[in-house]
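Student: mind looking at a prediction? Sequence and model below.
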Amino acid sequence: MHETAPEVTLGVPRLAWGDTLLFENLRFRLDAGRWTCLLGPSGVGKTTLLRLIAGLEPGALVATGDGRPLKGRVALMAQQDLLLPWLTAQNNVLLGHRLRGRRVGAVERERAMALLEAVGLAGDAAKRPAELSGGMRQRVALARTLMEDRPVVLMDEPFSALDAITRHRLQDLAAALLTGRTVLLVTHNPLEALRLGHKVWVLGGRPGRLQGPIVPPGAPARDPAEPHLLAMQAELLKELASSLARLEAAS
């Protein structure tokens, strides 16, 4: 049985890069067992928020709804695939187990193979990263993230290197396999956010402020052809344009 996914709350009293005030008195909540999607112009601090939650950057207060520490309960998929070049695709999927000194047996190898098959790479398990395209490496990284089987999953542009059809298929896969997890998805793609998010926020300005949430109807992954979803996409694009204008005015 999977561990119950907790609510996660991030508080940032003040965070600056040199003379640039990035965040001040910012509070951000990830609902338990739901997808939260975060949009915003480049450079506004979306990845920084994700890294703060993951504990990779100092300067934030992170709390969970169940009162337990978040450490050891988070899987992170970064923008870069971060595959080890000397390992095969299958062994890269198993990397987390190896780094923690856990035994990698037949059960773990079978699960890694099943995930590679799910992302369309069953025939490439023995290949090393240099033999894979950028999109294929991104799919290995997604399989590795899913292999971690954590209650909280943080994803930074996980589908950005994929073609449109593969991106759509892996959105469906991630929505299915991460049902019931607390997920934060950082993306530049409004339709992707609306397909997958239970709540969608837009980050903009200096210091950064959250606008929203937009709450798409229905359960992920939604049909991108739905008229109401397309209307919400237009609304989001306007909000993103406004966020970019605020960021440029503050720079």
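Tutor: Happy to help now that I have it. None of the values given here were measured: they were computed from a predicted structure.
Student: tell me which element Ser242 is part of?
Tutor: Using DSSP states H and E, Ser242 falls within helix 227-250.
Student: contacts for that helix next, please.
Tutor: With C-beta atoms under 8 Å, 6 or more residues apart in numbering as the contact definition, helix 227-250 has outside contacts at 39-41, 43-44, 190-191, 193-195, 200, 202-206, 211-212, 214, 216-217, 222-224. Backbone N, C-alpha and C define where each C-beta goes, glycine included.
Student: now swap in stretch 155-171 and tell me
Tutor: With C-beta under 8 Å, 6+ apart as the criterion, stretch 155-171 contacts 46-47, 50, 76-79, 81, 119-120, 134-135, 137-139, 141-142, 145, 174, 183-189, 192, 195-196, 221, 224.
Student: can you pull the domain assignment for this structure?
Tutor: The record's domain split for the chain, according to automatic domain parsing, is 1-73+152-251, 83-149.
Student: save those as TSV, and put in mean pLDDT and mean neighbour count too.
Tutor: TSV is the format used below for these (pLDDT from 0 to 100; neighbours: other C-beta atoms under 10 Å):
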stretch	mean pLDDT	mean neighbour count
domain 1-73+152-251	89	18
domain 83-149	90	17
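Student: now the helices for the stretch 51-200 of the chain?
Tutor: Taking DSSP state H, counting those that start in this stretch as the test, the helices found in the stretch 51-200 of the chain are 89-93, 95-99, 106-118, 134-148, 164-177, 190-196.
Student: save the ones you listed as TSV, and put in distance to Asp124 too.
Tutor: Below are the helices of the stretch 51-200 of the chain laid out as TSV (distance: least, C-beta to C-beta, whole Å):
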stretch	distance to Asp124
helix 89-93	6
helix 95-99	16
helix 106-118	7
helix 134-148	7
helix 164-177	14
helix 190-196	25
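Student: the contacts of helix 227-250 in strands, which ones?
Tutor: Among these, the ones falling in strands (DSSP state E) are Leu39, Val200, Val202, Leu203, Gly204, Gln211, Gly212, Ile214.
Student: gap between the first one and Glu131?
Tutor: Between Leu39 and Glu131 the distance is 34 Å, computed by C-beta to C-beta, to the nearest Å.
Student: next one: the fourth one
Tutor: Leu203 is 37 Å from Glu131, where distance means C-beta to C-beta.
Student: likewise for the second one?
Tutor: Noted for Val200: a distance of 37 Å to Glu131, by C-beta to C-beta.
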